[in-house]
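Asker: sequence first, predicted coordinates after that:
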Amino acid sequence: MRDWTILEEVWQVIQDRAEHPSAESYVSSVLTHRKGIDKSLEKVGEEAVEFILAAKNQVPERTVSEAADLLFHLLVALRASGTDVGDVLDELAARRK
Ligand SMILES: N=c1c2ncn([C@@H]3O[C@H](COP(=O)(O)OP(=O)(O)OP(=O)(O)O)[C@@H](O)[C@H]3O)c2ncn1[C@@H]1O[C@H](COP(=O)(O)O)[C@@H](O)[C@H]1O
């Protein structure tokens with residue numbers, strides 16, 4: 001089975017950027033944006049649309065790239081909304097049949 005720890009690593013970096021914002025950090029720029037949480041929610045929407053178009057048009061490389069963008073921006077939006085990704089994983093686990 002493929003190793004998913006990269007998702008956990010990215011989540012940890014997002015926590016670090018939230019707790020220690022820096023001017024060079026893209027994550028910090030989203031989490032401290034003047035639009036507030038709307039910035040990260042907009043990014044989730046944009047990336048979802050781009051993913052849908054890539055998958056619908058059957059462009060494999062773009063589908064992979066847009067899926068990565070979507071997962072990344074979803075993690076940032078979870079942080080922006082004060083949601084623990086652990087609770088999302090627990091929810092998925094609870095749905096196991
Ligand atoms: N996975 C990503 C990632 N994917 C995309 N991006 C950035 O997302 C930005 C958005 O690009 P777009 O073209 O979608 O949008 P844009 O119009 O340029 O900008 P906005 O709409 O966001 O204002 C680009 O600057 C990319 O570099 C990312 N930035 C960071 N990460 C991860 O987050 C970690 C922390 O990054 P920093 O916060 O920058 O240190 C990194 O080590 C990576 O693991």
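Answerer: Good, I have the coordinates.

Asker: tell me how far R79 lies from R62.
Answerer: 26 Å (Cβ to Cβ, to the nearest Å). Backbone N, C-alpha and C define where each C-beta goes, glycine included.

Asker: residues in the chain within reach of the ligand, list them.
Answerer: V10, V13, R17, S25, Y26, V27, S28, K43, D69, F72 (Cβ under 6 Å from any ligand atom).

Asker: so R79 and R62 - more neighbours on which side?
Answerer: For R79 versus R62, neighbours defined as other Cβ atoms under 10 Å are more numerous around R79 (21 against 15).

Asker: right, and that one touches V13 too?
Answerer: No: checked against Cβ atoms under 8 Å, the pair R79 and V13 is beyond contact range at 10.5 Å.

Asker: how many residues are close by E47?
Answerer: So E47, with other Cβ under 10 Å, has 19 neighbours.

Asker: for the residue lying closest to H73 once chain neighbours are set aside, pull up the helix or strand it's in.
Answerer: Computed as Cβ to Cβ, 6 or more residues apart in numbering, the closest residue to H73 that is not its neighbour in sequence is K43, at 4.2 Å. Following DSSP states H and E, one finds K43 within helix 37-56.
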